[in-house]
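Student: predicted model, plus sequence, below.
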Amino acid sequence: MATVGDTRVRVLISGKVQGVWFRGWTQQEAKRLGLSGWVRNLQDGRVEAVFAGAPSQVEEMLDRCRRGPPLARVEAVEIDDHHGQLQPGFHARPTV
């Protein structure tokens with residue numbers, strides 16, 4: 001669970017990132033790293049995610065997102081700070 005002083009980022013991932021198990025893969029990888037946050041598909045074809053945790057784990061997750069799961073082709077990862085509320089754990093959300 002994210003604590004005070006943890007890094008919190010919102011990312012938008014574009015490329016061939018839907019229909020390739022990107023959401024499930026992201027949830028699995030984030031849980032492995034002990035991150036809090038969520039991931040969802042966007043109707044415009046991108047994937048949006050929020051990662052919160054120790055700076056080194058968040059940076060590792062960002063590196064993994066730049067590669068993605070085997071069938072993905074990541075073209076860009078946009079990163080912004082995130083200041084919203086988060087529930088404990090890492091969750092997949094419905095497409096918006």
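Tutor: Happy to help now that I have it.

Student: the residue most central in space within the chain in helix, strand or coil?
Tutor: The centroid of the chain falls nearest to residue 49 when counting by Cα atoms, centre = their mean (3.7 Å). State at residue 49, reduced to three classes by DSSP: H, G, I helix; E, B strand; the rest coil: strand.

Student: just residue 57 next, same as before
Tutor: State at residue 57, reduced to three classes by three-state DSSP: helix.

Student: pLDDT wise, what is it at?
Tutor: pLDDT, residue 57: 96.

Student: ok, and the closest non-adjacent residue to it?
Tutor: residue 33 (4.4 Å; Cβ to Cβ, 6 or more residues apart in numbering). C-beta: built from backbone N, CA, C; applies to glycine.

Student: hang on, isn't the one you found packed against residue 53?
Tutor: Yes - if you go by Cβ atoms under 8 Å, residue 33 and residue 53 touch, sitting 6.8 Å apart.
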